[in-house]
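Asker: For reference, the sequence and a predicted model appear below.
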Amino acid sequence: MTPRMAELRRSLEARRRELLASVHDRMRAMRDEHETNPVKGGMDDWEVSEVDIQEDIELGLIQMKAETLSRIDESIARLDAGVYGYCSSCGGEIAMSRLRALPFAVRCLECEAQDEMNRLRTRKGRDHSHYGDRSHLLDNPGN
Ligand SMILES: [Zn+2]
């Protein structure tokens with residue numbers, strides 16, 4: 001394992017631990033809430049739905065973190081396979097600073113910028129045809 005890979009692995013594992021801890025904290029907090037308020041029967045309907053919404057938000061957050069966790073697991077597996085940290089477009093090494101900021105980046109900065117340019121160009125083209133549609137309407141002001 002190269003020093004670069006070792007460092008990437010360390011930072012991925014640190015993120016993984018952090019996420020796991022916060023998922024566990026949230027799950028524990030939700031369980032505690034259920035234990036202090038085990039019966040919803042004492043509340044009126046409005047309060048019950050309020051609690052349900054709160055739980056939906058909590059569950060959504062936990063789900064999001066769980067998804068991030070599985071992406072980190074994937075990244076660690078790719079790192080072990082020796083394919084993590086390389087650009088999927090040009091095959092070059094993705095800069096360390098970029099991977100620290102965006103651990104799931106699959107492209108180097110140059111390829112990402114190129115892709116962004118292409119997207120902007122496509123969007124501009126679409127705007128153009130949209131403008132064309134409007135000028136068509138202006139040709140028939142009687143309607
Ligand atoms: Zn690239």
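Answerer: Nice, thanks for sending it over.

Asker: Please list the residues of the chain that sit near the ion.
Answerer: Selection of the chain residues close to the ion by CB under 5 Å from the ion yields 87, 89-90, 108, 111. For glycine as for every other residue, the C-beta is placed from the backbone atoms N, C-alpha and C.

Asker: Of all the residues in the host helix or strand of residue 62, which ones are buried?
Answerer: For residue 62, the element it lies in under DSSP states H and E is helix 45-80. Going by neighbour count (16 or more other CB atoms under 10 Å), the buried part of helix 45-80 is 62, 65, 68, 72, 75-76, 79.

Asker: Make JSON lines out of the residues you listed and add pLDDT.
Answerer: Converted to JSON lines, those look like this (pLDDT from 0 to 100):
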{"residue": "62", "pLDDT": "92"}
{"residue": "65", "pLDDT": "94"}
{"residue": "68", "pLDDT": "94"}
{"residue": "72", "pLDDT": "95"}
{"residue": "75", "pLDDT": "94"}
{"residue": "76", "pLDDT": "95"}
{"residue": "79", "pLDDT": "93"}
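
Asker: which of those residues lies closest to residue 6?
Answerer: Of all the buried residues of helix 45-80, residue 6 sits closest to residue 79, with 9.6 Å by CB to CB.

Asker: Correct me if wrong: the closest one contacts residue 9.
Answerer: Yes - using CB atoms under 8 Å, residue 79 is in contact with residue 9, at 5.6 Å.

Asker: on that earlier part again, packing partners of the helix holding residue 62?
Answerer: helix 3-36 (3 or more CB pairs under 8 Å, 6 or more residues apart in numbering; DSSP states H and E).

Asker: Residue 112 and residue 105 touch, don't they?
Answerer: Yes - contact criterion CB under 8 Å: residue 112 and residue 105 qualify, at 7.5 Å.

Asker: returning to that earlier point: could you pick out the buried ones from the residues of the chain next to the ion?
Answerer: 87, 108, 111.

Asker: want to try a markdown table for the buried residues of helix 45-80, with distance to residue 99 as columns?
Answerer: A markdown table is the format used below for the buried residues of helix 45-80 (distance: CB to CB, whole Å):
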| residue | distance to residue 99 |
| --- | --- |
| 62 | 26 |
| 65 | 20 |
| 68 | 15 |
| 72 | 12 |
| 75 | 9 |
| 76 | 13 |
| 79 | 10 |
